[in-house]
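A.B. asks: need a structure here:
(one chain, ligands or ions: 1)
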Amino acid sequence: MIPFNLNSAFRGTGWAVLHFSILMGVFSCTADPPTPKDLSKEHLIPKPVEVLATGSSFRLTEATGVYVQSPPAQADEVRQVGEYLAGKLRPATGFGLPVQNVDNAPPEGSIYLLLSEGDAELGEEGYELVITEELVKLSANAPAGLFRGLQTIRQLLPAAIEKSEVQPAPWEIATGTIRDYPSYAYRGAMLDVARHFFSVEDVKRFIEQIALYKLNVLHLHLTDDQGWRIEIKSWPKLTTHGGSTQVGGGQGGYFTQEDYAEIVRHAQDHYITIVPEIDMPGHTNAALASYPELNCDGKARELYTGIEVGFSTLCTDKEVTYQFVDDVVRELAALTPGPYFHIGGDESHVTEKDDYIFFINRVQDIVQTHGKQMVGWDEITLAELEEGSVAQFWANAEHAKAAVEQGVKVIMSPATKTYLDMQYDSTTTLGLHWAAYIEVDSAYIWDPATFVEGVSKDDILGIESPLWSETITNMDEIEYMVFPRLVGHAEIGWTPASERNWEEYKVRLGRHKARFEAMGIDYYPSALVPWAEAEVTSAGESSEQ
Ligand code: NGO
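C.D. replies: So this is what the prediction gives:
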């Protein structure tokens with residue numbers, strides 16, 4: 001749509017000058033967006049560590065190119081990051097945005113991605129963004145830093161940049177400098193594909209969504225009582241039988257190893273680590289239904305489509321159980337480039353405590369044999385954890401403290417704050433509420449470093465928000481439970497606690513409505529958030545793209 005220009009319609013008359021601003025207020029939806037000029041007032045999430053505004057703006061035009069520069073060894077990778085950025089900007093701008101290598105400074109009007117080591121404060125994922133009227137210059141020590149930084153560039157442009165069809169210009173960015181790096185090394189989301197199965201396409205879309213908010217881990221809960229969702233070639237019935245249903249009795253499904261590899265590749269392209277979870281010794285009914293020998297009584301269980309927990313266990317004193325675990329971990333670890341392998345370990349209510357401890361200790365060895373660090377839900381701290389293993393706190397503070405006493409790191413996923421399957425309030429139709437109702441403010445107002453007494457920032461690897469899928473059946477429902485709470489969790493993981501404040505955050509979040517809508521994200525429009533009907537830029541005026 002070509003915006004109707006009120007300014008020219010009334011130009012030259014005193015009446016027009018007087019009434020122009022009033023009309024702009026009423027008909028703001030038809031005007032060009034005002035030029036953003038104050039970088040410090042942009043609505044970035046996560047909020048960057050340092051922003052210095054210089055009061056002018058850069059304009060992206062048909063002539064803009066993306067120039068990349070790096071040491072030769074990383075040239076391909078950095079070029080790919082440049083291509084990623086250009087790919088995000090092309091559809092809405094309609095500009096060509098060619099990506100080219102340069103040895104020196106690029107021409108005026110360009111976006112310039114530069115890899116140069118030596119800025120220790122920025123670490124692996126930090127970046128510096130210097131925007132002048134002439135150039136957008138993004139630099140980082142590592143490609144991951146450039147990738148996180150390009151998410152900031154996306155958010156500095158009008159929300160319409162996220163649309164898939166050409167939108168009217170101008171495309172402007174306020175000038176200044178941003179220096180930015182994360183508080184926590186591990187910033188994750190979890191998707192339960194076991195209770196209900198989700199397609200490769202859904203998982204890929206989810207990866208794209210969490211990348212925009214600088215998350216770097218996707219934990220896939222691949223197995224549970226209701227379904228086994230990852231092909232294991234040496235135990236084929238796990239998926240052909242154990243994957244054949246889901247909660248409510250639908251047809252279920254599973255990822256072939258090729259599907260899983262495709263998800264891993266997509267995650268890598270977004271600098272996201274996949275953490276695969278095989279939940280055991282409890283939450284294993286789908287496996288127990290597929291192979292009778294995994295049961296102590298040697299009898300296969302029936303497939304299960306309800307939502308009870310805590311009734312199943314692998315037979316911890318049969319040797320075949322450890323052969324099974326070894327095969328599963330070996331095949332899946334080989335497909336997983338990241339350092340972690342999650343073994344579940346939660347709610348094994350029908351496993352004797354001694355048997356449970358024996359089992360976790362043995363599985364820890366198996367995981368290490370296959371080159372991975374073991375992660376498990378907080379119950380695993382009952383066992384003897386070794387260096388490099390990680391406990392994921394979800395419910396029991398004593399277990400989290402026990403992890404610290406054992407000298408292992410903790411991932412913070414308190415159910416009362418981070419569980420994305422918890423209902424927003426008593427009117428929410430999806431989800432559960434056994435831990436809490438979690439409104440958008442409650443999800444944001446907490447600090448991982450003070451949440452459990454005795455567990456401090458140095459003990460914490462990071463935070464993760466699990467979406468369990470007992471009641472979640474499709475992508476729209478995933479998005480409705482995830483957005484906008486996960487956006488707040490992303491800020492908790494990235495932005496220093498001293499910079500976080502709900503009253504200020506909620507205004508920034510309100511400005512992301514236009515972004516969610518441009519991307520077609522189905523979100524929960526909480527009454528606690530001042531959702532901006534039209535995008536407000538740092539020029540302080542309202543406009544709609
Ligand atoms: C618990 C349980 C899961 C449920 C979830 C539902 C953990 C770690 N185990 O969290 O099996 O799906 O609650 O909120």
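A.B. asks: hang on, Ser442 packs against Asp425?
C.D. replies: No: using CB atoms under 8 Å, Ser442 is not in contact with Asp425, being 10.0 Å away. For every residue, glycine as well, the C-beta is placed using N, CA and C.
A.B. asks: so for the two, which residue has more residues nearby?
C.D. replies: Ser442 (18 against 12; other CB atoms under 10 Å).
A.B. asks: by contact count, what packs against the one helix or strand that one maps to?
C.D. replies: Using DSSP states H and E, Ser442 maps to helix 440-444. Contact here means 3 or more CB pairs under 8 Å, 6 or more residues apart in numbering; DSSP states H and E; on that basis helix 440-444 packs against helix 415-418, helix 485-494, helix 502-510.
A.B. asks: out of the ones you listed, which is the most enclosed?
C.D. replies: Among the helices and strands packed on helix 440-444, helix 485-494 has the highest mean neighbour count (mean count of other CB atoms under 10 Å), at a mean of 26.
A.B. asks: OK, contacts around the nearest residue to Ala140 once chain neighbours are set aside?
C.D. replies: Nearest in space to Ala140, with sequence neighbours left out and distances taken as CB to CB, 6 or more residues apart in numbering, is Tyr127 at 4.3 Å. By CB atoms under 8 Å, 6 or more residues apart in numbering, the contact list for Tyr127 reads Leu138, Ser139, Ala140, Gly145, Leu146, Arg148, Gly149, Thr152, Ile178, Arg179, Asp180, Tyr181.
A.B. asks: and the third one, what does it touch?
C.D. replies: With contacts defined as CB under 8 Å, 6+ apart, Ala140 is in contact with Leu114, Leu115, Asp119, Leu122, Gly126, Tyr127, Glu128, Leu146, Arg148, Gly149.
A.B. asks: one more time with 10 Å
C.D. replies: Neighbouring residues of Ala140 by CB atoms under 10 Å, 6 or more residues apart in numbering: 70, 78, 81, 113-117, 119, 122-129, 146-150, 180-181.
A.B. asks: do the first one as well
C.D. replies: Shown here is Leu138, whose contacts under the criterion CB under 10 Å, 6+ apart are 66, 68, 81-82, 85, 111-115, 127-131, 145-150, 152-153, 178.
A.B. asks: among those, name the ones in strands.
C.D. replies: Of these, the ones assigned to strands by DSSP state E are 66, 68, 111-115, 127-131, 178.
A.B. asks: got those as JSON lines, with pLDDT and distance to Glu479 columns?
C.D. replies: JSON lines is the format used below for these (pLDDT from 0 to 100; distance: CB to CB, whole Å):
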{"residue": "Val66", "pLDDT": "98", "distance to Glu479": "30"}
{"residue": "Val68", "pLDDT": "98", "distance to Glu479": "33"}
{"residue": "Ile111", "pLDDT": "98", "distance to Glu479": "30"}
{"residue": "Tyr112", "pLDDT": "98", "distance to Glu479": "34"}
{"residue": "Leu113", "pLDDT": "98", "distance to Glu479": "30"}
{"residue": "Leu114", "pLDDT": "97", "distance to Glu479": "35"}
{"residue": "Leu115", "pLDDT": "96", "distance to Glu479": "34"}
{"residue": "Tyr127", "pLDDT": "98", "distance to Glu479": "27"}
{"residue": "Glu128", "pLDDT": "98", "distance to Glu479": "32"}
{"residue": "Leu129", "pLDDT": "98", "distance to Glu479": "28"}
{"residue": "Val130", "pLDDT": "98", "distance to Glu479": "34"}
{"residue": "Ile131", "pLDDT": "98", "distance to Glu479": "31"}
{"residue": "Ile178", "pLDDT": "98", "distance to Glu479": "28"}
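A.B. asks: just checking: which of the residues you listed also lie near the ligand?
C.D. replies: Filtering these for proximity to the ligand by CB under 6 Å from any ligand atom leaves nothing.
A.B. asks: sorry, back to before: and the contacts of the very next helix or strand once past the helix holding Ser442?
C.D. replies: Sequence-wise, the next helix or strand downstream of helix 440-444 (DSSP H and E) is helix 448-451. Residues outside helix 448-451 that contact it (CB under 10 Å, 6+ apart): 183-184, 393, 397, 400, 410-414, 416-418, 455-463, 489, 492-493, 497.
A.B. asks: one more time with 6 Å
C.D. replies: Met412, Pro414, Ser456, Lys457, Ile460, Ile463 (CB atoms under 6 Å, 6 or more residues apart in numbering).
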